[in-house]
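**Student:** Following is a predicted model, sequence given first.
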Amino acid sequence: MHRVVILFQKIKLSFQPRCFSTAETLSNSWAFHRFAKSCKHLEKGKRNLCQTLNNQELVQAELRYYKSKSPKYCKLEGWFKKRLETICDRYASSNNSFVMAMNGIEYFEDDGCIYRKLQKGSPELVLCLDQLQFLQSNDAQFQRIRVSPDQKYLASSVRTPSDESTCVVVKLDPKPLVVHVLPRAFSFEWATDNSLFYTILEKLQSHEVYRLLLGDPRTASEMVYKENDTRFFVELTCTKDGKFITINSNSKTSSEVWLIDRMHPLEAPKVVQERLPELIYHVEHWKKQLYILTNFAATKDYELMKTDISSSGMQNWKTVYAVKENHKLIDMELANDNCIMILKCYGRLSLNVFSLKQPEPVKSIQLPSWACAIECEAYLRHKSDVFCFQLSSPVQPPVSFLYSMDEDELYMEDDETCLNNKKDYKVTRLKAPGMDGILVPITVFHKTTLNEMNDKPLLVHVYGAYGMDLNFDFKPEQMLLLKDGWILAYCHVRGGGELGLSWHRAGRLDKKHIGIDDLQVCLCHLHTMGYSNPRRTALKAGSAGGVLVGGLCNASPELIRAVVLRAPFLDVLDTMLDPSLPLTQEEQEEWGNPLNDQGFFKYIQAYCPYQNIKPQNYPSILITAYRDDQRVLLSGLLKYTTKLRNAVATNYITMGEPQSIILDIQPGDDHYGPTNWEQSLQEIARHYAFLYKELKLDLGGTHP
């Protein structure tokens, strides 16, 4: 089961401002004409900017500016890179990157190669990136791996930094041999040994499903499903019992699922329930019953419902289990006749376990209080009586656990020494009263022995969009900050998904401003509780999280001293006014449609970071952009940086020394940052050097 945090994962992402009513309507034809004229003017300005970018004049000017400012941070950047290498080596695992096991054979990826091995045998090379002549990048990576039912074929996706994905099909016996290469294949699943279904990803959109029949080299792929609504994204998964392939067509607020019987791959897919506005559902199959996670119930939060496979329409759905208020459903697992619900409530993780034969009673298992993230171990998840998973946190590397359903006991499989980090670092969960009285969760990490915290540096993480949680996985690079006495805070503002579907609804469309308000009260609450102060506070965000941070910089810049943004979404209005961009139309369910609704036009205009820049004392800001990023265009970041720098310069005339406003343009078009290890460390070192310099932190003479 895919994570039900969000329907699919393509990121452009979220924002928030002041209160503005989207119920306002156009009062007469003159008002609509003025609105349309304003849209056309903005479109014309964007086209002119794109023409300038074609000449690379703005890009080259920004590169020269960056080069003139980089000496301030250069030596410190090199010093941090060496420290990061040491810390990352300390936490690096010597184990292979395990992928899956089938009938006593393990498949795993290690250092750009895929291997298979018998449990007591030696690894056999199946496929290596060096063998693939079509690759034009040294930074390609294997991603999804799927093995056909009788292990006759293996299919693997190869992703490049340009976000392109190619599926490579290997015949395994008698000797591994590449037999098919499927360009742009995104998700794929095997039906039988000779039938592979896959989707195509083009310009960040996936709308078509194809079937490839192997065995005859002359056989061409055949399209079996086509999505005609550009707001929807199509992805394939396989039910946990292996009986069906599911075609999942999802928008931001609606779902439609089709089933392919794996034993009958030539039959046409069958729809479970036709899409309806605001109806989200995900499908599993177990013993001739469909188990459906859906927001169909009156609460509009997730419930588990079931129906017979022969009568799959929603009129036949019956409730099995309901998620409680303020609980986030992270995932659902099925094991034998048991269902395991993985939940989070105000940061605390728990399991709810019940029998599918008799849903009552429900066993509730509280997981360790230090745990912030959970990852299921897929290759063990279907054993009859155990559920295996890993727990981690930003300060604790993954630790393996096992829950025995027969014994109703939780066991830690790793040695106790692996929890040394837990003893050295403290996790505190706070609740900040929002401007409307709603409590906003904050999770704080710092050294157990840290004293005088009101003057320690504070790094605040925020996101708040698409119902997605902040990333709580362990990142070894953050240990450097913690060892240096930093406090890390994660603000779980509305618009994200930390408290369930209702938490997302409370911060989307005409409620986007609430995310900025929540971030502001979180910072004030942290300072009031004695965690740092404004001159030692920095913000970190990426993608849609840039909207909240950019909005706060406009509204309350006095609360922060420095900001680091990676591929941030800052030019909201212009982006949503351009339907020719690959993601704009599907994003309307998150942001609204300013082209057709004057209320949304004015509302977005009121909180859009770019639109609300003004001459004032901004914090220092470092923006990392990727030249050919298709999700967050460089043109918007160039406009934002230029306008912000001009505003700071204007304020400097009357207010004193200006802050640093730096745009770091990196090559490539990967929205999520470098995939190359060295480049990734270099980028983190660059960010840390910027933060230490701008916060004027004393390193005690240990740095260059």
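**Tutor:** That came through, no problem.
**Student:** Listing partners with orientation, what would you give for the strand or helix carrying Tyr291?
**Tutor:** Taking DSSP states H and E as the criterion, Tyr291 maps to strand 289-294. In the sheet, strand 289-294 lines up against strand 281-286 (antiparallel), strand 303-308 (antiparallel) (DSSP bridges).
**Student:** which of these is buried the deepest?
**Tutor:** Mean neighbour count, computed with mean count of other Cβ atoms under 10 Å, is highest for strand 281-286 among these, reaching a mean of 21. All C-beta atoms are positioned from the backbone trio N, CA, C, and that covers glycine.
**Student:** can I get the CA coordinates of it in PDB?
**Tutor:** Only the C-alpha atoms of strand 281-286 are listed here, as PDB (Å, rounded to 0.1, in the frame of the first residue of the first chain):
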ATOM      1  CA  TYR A 281      -9.800   6.000  -2.100                       C
ATOM      2  CA  HIS A 282      -7.000   3.400  -2.200                       C
ATOM      3  CA  VAL A 283      -7.700  -0.300  -2.800                       C
ATOM      4  CA  GLU A 284      -6.300  -3.600  -1.400                       C
ATOM      5  CA  HIS A 285      -7.500  -7.100  -2.000                       C
ATOM      6  CA  TRP A 286      -7.600  -9.900   0.600                       C
END
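**Student:** Please renumber the chain so that the first residue is 787 from this point on.
**Tutor:** In the new numbering, first residue 787, that becomes strand 1067-1072.
**Student:** Out of the strands paired with strand 1075-1080, the one nearest Tyr1393 is which?
**Tutor:** Closest to Tyr1393 of the strands paired with strand 1075-1080 is strand 1067-1072 (Cβ to Cβ; 31.7 Å).
**Student:** any residues touching the closest one, and which ones?
**Tutor:** Contacts with strand 1067-1072, where a contact means Cβ atoms under 8 Å, 6 or more residues apart in numbering, come from 787-788, 790, 1025-1027, 1029-1030, 1032, 1034, 1041, 1043, 1045, 1058-1059, 1076-1082, 1095, 1118, 1120, 1142.
**Student:** where's it relative to the chain centroid, distance-wise?
**Tutor:** Per Cα atoms, centre = their mean, to the nearest Å, the displacement of strand 1067-1072 from the mean C-alpha position of its chain is 23 Å.
**Student:** Show me what the mean pLDDT comes to for that strand.
**Tutor:** Strand 1067-1072 carries an average pLDDT of 94.
**Student:** Then stretch 1212-1231?
**Tutor:** The average pLDDT within stretch 1212-1231 is 96.
**Student:** Straight-line length of it, end to end?
**Tutor:** Start and end residues of stretch 1212-1231 are separated by 6 Å (Cα to Cα, to the nearest Å).
**Student:** Let's verify Phe1175: helix, strand, or coil?
**Tutor:** Assigned by DSSP: H, G, I helix; E, B strand; the rest coil, the conformation of Phe1175 is strand.
**Student:** Thought Ala1324 was touching Leu1477, still the case?
**Tutor:** Yes - using Cβ atoms under 8 Å, Leu1477 is in contact with Ala1324, at 5.3 Å.
**Student:** where do the contact lists of the two overlap?
**Tutor:** Counting by Cβ under 8 Å, 6+ apart, the residues touching both Leu1477 and Ala1324 are 1243, 1245, 1348, 1350.
**Student:** name the element the second one belongs to?
**Tutor:** So that's Leu1245. Leu1245 belongs to strand 1244-1248, assigned by DSSP H and E.
**Student:** Counting by contacts, list what that strand packs against.
**Tutor:** Packing contacts for strand 1244-1248, counted by 3 or more Cβ pairs under 8 Å, 6 or more residues apart in numbering; DSSP states H and E, involve strand 1273-1277, helix 1299-1314, strand 1323-1328, helix 1331-1341.
**Student:** Report the angle between that strand and helix 1299-1314.
**Tutor:** Relative orientation of strand 1244-1248 versus helix 1299-1314 (axes from the mean of the first three to the mean of the last three Cα atoms, to 10 degrees): 160 degrees.
**Student:** What subset of the contacts of strand 1067-1072 is buried?
**Tutor:** Buried members of the contacts of strand 1067-1072, counted by 16 or more other Cβ atoms under 10 Å: 787-788, 790, 1025-1026, 1029-1030, 1032, 1034, 1041, 1043, 1045, 1058-1059, 1076-1082, 1095, 1118, 1120, 1142.
**Student:** Give me the distance between the residue lying closest to Glu1064 once chain neighbours are set aside and Thr1361.
**Tutor:** Once flanking residues are discounted, Glu1064 sits nearest to Thr1039: 5.4 Å by Cβ to Cβ, 6 or more residues apart in numbering. Noted for Thr1039: a distance of 19 Å to Thr1361, by Cβ to Cβ, to the nearest Å.
**Student:** the more surrounded of these two?
**Tutor:** Taking other Cβ atoms under 10 Å, Thr1039 and Thr1361 do not tie; Thr1361 has more neighbours (25 against 19).
**Student:** could you say which helix or strand contains that one?
**Tutor:** helix 1358-1362.
**Student:** tell me the mean pLDDT for that helix?
**Tutor:** In this model, helix 1358-1362 has an average pLDDT of 94.
**Student:** ok, and what's touching that helix?
**Tutor:** Identification of contacts with helix 1358-1362 by Cβ under 8 Å, 6+ apart yields 798, 801, 828, 831-832, 1333, 1355, 1367, 1370, 1373-1374, 1377-1381, 1387, 1390-1391, 1393-1397, 1419, 1422, 1425.
**Student:** Drop anything exposed from those residues.
**Tutor:** The neighbour-count criterion (16+ other Cβ under 10 Å) marks 798, 801, 828, 832, 1333, 1355, 1367, 1370, 1373-1374, 1377-1381, 1387, 1390-1391, 1393-1397, 1419, 1422, 1425 among those as buried.
**Student:** now, which of those residues lie within helices?
**Tutor:** 828, 832, 1333, 1370, 1373-1374, 1377, 1387, 1390-1391, 1393, 1422, 1425 (DSSP state H).
**Student:** And those, which is closest to His1232?
**Tutor:** Proximity to His1232 was ranked across those by Cβ to Cβ; first place goes to Val1333, at 27.6 Å.
**Student:** pretty sure the closest one contacts Pro1395?
**Tutor:** Yes - the criterion here is Cβ under 8 Å, and Val1333 meets it with Pro1395 at 6.2 Å.
**Student:** thinking again about what came up before, and the furthest pair within the shared contacts of Leu1477 and Ala1324?
**Tutor:** Among the shared contacts of Leu1477 and Ala1324, the pair separated by the greatest distance (Cβ to Cβ) is Pro1243 and Val1350, at 12.7 Å.
**Student:** shared neighbours, those two?
**Tutor:** Common neighbours of Pro1243 and Val1350 (Cβ under 8 Å, 6+ apart) are 1324, 1477.
**Student:** Determine which stretch of the helices and strands packed on strand 1244-1248 is the most buried.
**Tutor:** When those are scored by mean count of other Cβ under 10 Å, the highest mean neighbour count falls to helix 1331-1341 (a mean of 29).
**Student:** what's that one packed up against?
**Tutor:** Against helix 1331-1341 (3+ Cβ pairs under 8 Å, 6+ apart) you get strand 1244-1248, helix 1299-1314, strand 1323-1328, strand 1348-1352.
**Student:** now what about the third one, what contacts it?
**Tutor:** Looking back up the chat, that one is strand 1323-1328. Here strand 1323-1328 has contacts from 799, 1243-1249, 1309, 1312-1313, 1334-1335, 1338, 1345-1354, 1405, 1473, 1477, 1480-1481, using Cβ under 8 Å, 6+ apart.
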